[in-house]
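Q: build me a model from this:
(one chain, ligands or ions: 2)
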Amino acid sequence: MPSESAAMPSSIHDAAAVEAMRKRLGLDPHRLRRLRTRLLKLQGSDEEALQELPAAARDAFAAEIRFHELTLDQRFDSQLDGASKLLFRTDDGLLLESVILRVATGRTALCVSSQVGCAANCDFCATGKMGIARSLSAPQILDQVVQANQLLKPEGRKVRNIVFMGMGEPFHNTAAVHETLEKLVSPHGFDQSPRRTLVSTVGLPSAMIAFARKFPKVNLALSLHSAIQSRRTEIIPLAAKFDLKELRAALDQVAAVQQQSIMIEYLMLRGINDGPEDRAALADYLRGLPVHINLIPYNRVDAAPHLEGTSKEDREAFGAALRGEGYTVTIRYSLGADVDAACGQLVRRENRRIAAAAAAQ
Ligand SMILES: C[S@@+](CC[C@H](N)C(=O)[O-])C[C@H]1O[C@@H](n2cnc3c(N)ncnc32)[C@H](O)[C@@H]1O
Ligand code: SF4
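A: Ligands and ions are numbered 1, 2, ... in the order given. Just a heads-up that it's a prediction; the model follows:
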C-alpha cells in the first residue's frame, strides 16, 4: 500500500494556516506578531525570527510553517554598478529573477517578478521570448522581498522601493499581485509605503482601473513604447487587443482616481519608435494627463537580433524635445548590464528545458 505522504508545510504569508498553527501550539498572539515583525520588517534571519517563539514550540512550528517559497540559486553582482541579480528557483525547478538596485543616493530598490515567462510576447523582451507563462503565488512574490532584505541586512541597507518590473505581466496575475500589495502595504505585514511601490503593466485597461481603485496610492507605470497604433502592435502583439483609444480612456480614469502622476515607459528602438512623428504622436497622446515620461535604453536580447536601440544622442534629443512640450522626462541609464547579459540567457535556456521536459511527460 502506498504510504500517506506528509502534507506540504504552509507559508508564513498564509494568515489562516499560521493562525491555525498558533492555536494548535497554544502560542501567545504577541509572540507570533514579534516573529512576523522580525522576519518581514526587521530583516531578521530565519533563526532570529524563530527565537521569538518559546523554545519548546520552535521545531513544531518550523516543521509546518515555512519561511521561504523560493530557493536562491545564484547571485550575480555587477562589476559596473550597484546592481545584484538574484536567481531564484521554484519548487518545480523554474528560474526567476529579482534585481537589487543600489542607487547612488544610498537608497535601495528591488525589482520583483510576478510570473515566470509572459504570455504578452513582446518582441523586445527576453521574458516574452521564453515561450512559457506561469504565474507566481503571492508568497512567492513576497519571498523575493524577504530574501533580498535578509541579504541586504549585513550591508546596512533595506529595500525602500519595490517595483514590479521583473519577469511577467502583473495584470495577467492580478489576484496574486493584489494579495501581494495588500500584504506589502499593511502595517501588520511589511509596512511598505505605497508611494514607494510601483506596478508596471503593458496596458490592460480594465485591470489598470481596478488596480487604481483598490490601491489609489500605489504608483502605476504603463509600458507605452509607441503612441502610433500600428507601431505599438508591431512590437507588443497584445496591443492589437487593447487599442490606444481604450488605453487613453483607462489612463484618464486612473489619473482621476489616483490624483498622482503616472509613469510612461518608452523603450527607444532605432527606426521603430524614435522619429519626429513618433515624438509628436507621443506628445499629442499624453496631453492633459499627469505623467512622467521615462525613456528606456534597449538592452539587447539574443532572440531579437533585428532590433537595435536608439543612440544615446538621439535619445537625449527626443527627451529634450518632449521637455520643450512641457513634459517631465527622465532618461533611464540601465543598471547591471553585465549581470543582465549573464542571467538573461541562462534563465531562458533553463526554463525552456524544464518546460519541455514537463510537456514531454
Ligand atoms: C519586463 S517588463 C515587466 C512589467 C510589465 N510586463 C511591463 O511590460 O511593463 C518591465 C519593463 O522592462 C521593459 N523591457 C522589456 N524588455 C526590455 C529590453 N530588452 N530592454 C529594455 N527594457 C525592456 C518593458 O518594456 C517594461 O517597461
Ligand atoms: S508584458 Fe512585460 S514582461 Fe511581458 S513580454 Fe512584454 S515587456 Fe516582457
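Q: from here on, contacts and neighbour counts on C-alpha atoms
A: OK.
Q: what residues does the chain have near ligand 1?
A: 124-125, 165-169, 200-202, 223, 265, 297-301 (C-alpha under 6 Å from any ligand atom).
Q: among those residues, which are located in strands?
A: Using DSSP state E, the subset of these located in strands is 200-201, 223, 265, 297.
Q: redo the residues you listed as CSV? Include pLDDT and neighbour count.
A: Formatted as CSV, these follow (pLDDT from 0 to 100; neighbours: other C-alpha atoms under 10 Å):
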residue, pLDDT, neighbour count
200, 97, 22
201, 98, 22
223, 97, 17
265, 96, 23
297, 93, 20
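Q: name the nearest residue to residue 296, ignoring sequence neighbours.
A: Nearest non-adjacent residue to residue 296, counting by C-alpha to C-alpha, 6 or more residues apart in numbering: residue 267, 4.5 Å away.
Q: ok, residue 23 - how many residues close by?
A: As a burial measure, residue 23 scores 11 neighbours (other C-alpha atoms under 10 Å).
Q: make that residue 330, sorry
A: For residue 330, using other C-alpha under 10 Å, the count is 16.
Q: same check, this time on residue 245
A: Quick note: residue 245 (other C-alpha under 10 Å) scores 12 neighbours.
Q: equivalent analysis for residue 43, please.
A: Residue 43: 24 neighbours (other C-alpha under 10 Å).
Q: residues in contact with it?
A: 146, 149-150, 153, 158 (C-alpha atoms under 8 Å, 6 or more residues apart in numbering).
Q: rerun that using 6 Å as the cut-off
A: By C-alpha atoms under 6 Å, 6 or more residues apart in numbering, the residues touching residue 43 are 149-150.
Q: neighbouring strands for the host helix or strand of residue 268, and are they parallel or not?
A: When elements are assigned from DSSP states H and E, residue 268 belongs to strand 262-268. The pairing partners recorded for strand 262-268 under DSSP bridges are strand 219-223 (parallel), strand 291-297 (parallel).
Q: next secondary structure after that strand?
A: helix 276-286.
Q: and the angle for that next one with strand 291-297?
A: Relative orientation of helix 276-286 versus strand 291-297 (axes from the mean of the first three to the mean of the last three C-alpha atoms, to 10 degrees): 150 degrees.
Q: flag every buried residue along helix 276-286.
A: Buried residues in helix 276-286, counted by 16 or more other C-alpha atoms under 10 Å: 278-279, 282-283, 285-286.
Q: from the chain's centroid, how far away is it?
A: 28 Å (C-alpha atoms, centre = their mean, to the nearest Å).
Q: the closest residue to residue 128 other than its chain neighbours and residue 88, how far apart?
A: Counting by C-alpha to C-alpha, 6+ apart, residue 128 lies nearest to residue 121, which is 4.0 Å off, once chain neighbours are set aside. Using C-alpha to C-alpha, to the nearest Å, one gets 22 Å for the distance from residue 121 to residue 88.
Q: equivalent analysis for residue 131, please.
A: Taking C-alpha to C-alpha, one finds residue 131 at 19 Å from residue 88.
Q: and what of residue 211?
A: Distance from residue 211 to residue 88, by C-alpha to C-alpha: 27 Å.
Q: among the two, which residue is more densely surrounded?
A: residue 88 (24 against 20).
Q: is the more buried one in a helix, a strand, or coil?
A: Assigned with DSSP: H, G, I helix; E, B strand; the rest coil, residue 88 falls in the strand class.
Q: for it, give the beta-bridge partners.
A: With DSSP bridges as the rule, residue 88 is bridged to residue 72, residue 96.
Q: excluding its backbone neighbours, what's nearest the closest residue to ligand 2 within the stretch 151-300 of the chain?
A: For the stretch 151-300 of the chain and ligand 2, the shortest gap (C-alpha to the nearest ligand atom) falls at residue 168, measuring 4.0 Å. Leaving aside its sequence neighbours, residue 168 sits nearest to residue 115 (C-alpha to C-alpha, 6+ apart; 4.4 Å).
Q: continuing past the strand or helix carrying residue 232, what's the next helix or strand?
A: For residue 232, the host element (DSSP H and E) is helix 229-235. Sequence order places helix 244-258 as the next helix or strand after helix 229-235, per DSSP H and E.
Q: pull the number of nearby residues for residue 291.
A: For residue 291, using other C-alpha under 10 Å, the count is 19.
Q: got the contact list for it?
A: Counted by C-alpha under 6 Å, 6+ apart, residue 291 has contacts 261-263.
Q: now do the contacts for residue 87.
A: So residue 87 contacts 73-74, 96-97 (C-alpha under 6 Å, 6+ apart).
Q: meant to ask about residue 310, not that
A: If you count contacts by C-alpha under 6 Å, 6+ apart, then residue 310 has 268-270 around it.
Q: partners of the most centrally placed residue in the chain in the sheet?
A: Nearest to the geometric centre of the chain sits residue 164, at 2.3 Å (C-alpha atoms, centre = their mean). As for beta bridges, residue 164 partners with residue 199 under DSSP bridges.
Q: quick check, it in contact with residue 199.
A: Yes. With contact defined as C-alpha atoms under 6 Å, residue 164 reaches residue 199; the gap is 4.8 Å.
Q: now do the shared contacts for these two.
A: Contacts common to residue 164 and residue 199, judged by C-alpha under 6 Å, 6+ apart, are absent.
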